[in-house]
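[1] I'll drop the sequence and a predicted model, then ask my questions.
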Amino acid sequence: MGFYSKLFLPRFIDLAMRNREMTRLRGEWVSRARGDVLEIGIGSGLNVDFYSSDVHRVCGVDPSAELQHMARKRYAGSPLSVEFLLQSAETLPLPEKSIDTVVMTWTLCSIPDPLKTLAQMRRVLKPNGKLIFIEHGRSPDSAVAAWQDRLNPFWKRVAGGCNWNRKIDGLLDVAGFQIEDLKTSYLPGPRLITYTYQGLAHV
């Protein structure tokens, strides 16, 4: 499992996250980030090209050393000031109300305690701060959702802890976020893994 999780899986994730439709959504949403940004699950750094000049700095959190190594290479040629935190997002060493924008793209599915992480996001966001999210999750189609529930234990084991049956808007609501813009749709591909939530929320 060491070779799989440390060498194969990070490269597979990087490749899978670079398809055309995901890139389009990154361009649409990540470009709205402003000020001091906290990116939860910076992964291999695929959002770097979509941050505008309105972003002052980026603090990127990810527990994977292999993905962070890829991200450091991608950010090396960027004018952005970037700080990398090699850790889980359930606890963040950041002051309260210090972040203007939290960015979370295809991340909440694999965090062991999503509500604890969302509470940390609320803690560090400024009163007028925004959460930008693009996440895949639970389908509203009962037949698809049933198969998501049935196969999720297997998928979670082979996909680095990814859960494809989390209802993202429900988690945001329970965590105390107010969703101000939400779009949902299936992206091209198998419906089990492509139902996508995208939008903006605030505290």
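    Structure received.
[2] would you map the helices across the protein?
    2-3, 9-16, 20-29, 65-75, 114-124, 142-158, 168-174, 191-194 (DSSP state H).
[3] so which of these is the most surrounded?
    helix 114-124 (a mean of 19; mean count of other Cβ atoms under 10 Å). The C-beta positions use only the backbone N, C-alpha and C, and glycine is treated the same way.
[4] name the helices or strands packed onto that one?
    Under the contact definition 3 or more Cβ pairs under 8 Å, 6 or more residues apart in numbering; DSSP states H and E, helix 114-124 sits against strand 35-40, strand 99-105, helix 168-174.
[5] tabulate these (CSV), appending mean pLDDT and distance to R24.
    Putting the helices and strands packed on helix 114-124 into CSV (pLDDT from 0 to 100; distance: least, Cβ to Cβ, whole Å) gives the following:
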stretch, mean pLDDT, distance to R24
strand 35-40, 98, 19
strand 99-105, 98, 12
helix 168-174, 98, 19
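[6] so which of those is nearest P188?
    Smallest distance to P188 across the helices and strands packed on helix 114-124 (Cβ to Cβ): 17.3 Å, for strand 99-105.
[7] what does the closest one contact?
    25-26, 29-30, 32-41, 46-47, 55, 59, 121, 124-126, 129-135 (Cβ atoms under 8 Å, 6 or more residues apart in numbering).
[8] name the nearest residue to S78, ignoring sequence neighbours.
    Among residues not flanking S78 along the chain, V48 sits closest, at 5.4 Å (Cβ to Cβ, 6 or more residues apart in numbering).
[9] that neighbour and G129, how far apart?
    21 Å (Cβ to Cβ, to the nearest Å).
[10] what do you get for N47?
    Distance of N47 to G129, given as Cβ to Cβ: 17 Å.
[11] over to A89?
    For A89, the distance to G129 - Cβ to Cβ - is 16 Å.
[12] so which of those two has more stuff around it?
    A89 (26 against 22; other Cβ atoms under 10 Å).
[13] ok, now how distant is the residue of the chain most remote from its centre from L192?
    Distance from the C-alpha centroid of the chain, by Cα atoms, centre = their mean, peaks at A143 (26.0 Å). In this view, A143 and L192 are 11 Å apart by Cβ to Cβ.
[14] quick check: bridge partners of V55?
    G35 (DSSP bridges).
[15] OK, contacts around it?
    33-35, 37, 80, 101.
[16] mean confidence score for the top strand by length along the chain?
    Longest strand in the chain, counting residues (DSSP state E): strand 125-136. Here strand 125-136 scores 98 as its mean pLDDT.
[17] tell me which residues in it are buried?
    125-126, 129-136 (16 or more other Cβ atoms under 10 Å).
[18] of those, closest to M70?
    So of the buried residues of strand 125-136, ranked by how close each gets to M70 (Cβ to Cβ), first place is I134, at 19.2 Å.
[19] isn't that closest one up against W29?
    Yes - using Cβ atoms under 8 Å, I134 makes contact with W29 at a distance of 5.7 Å.
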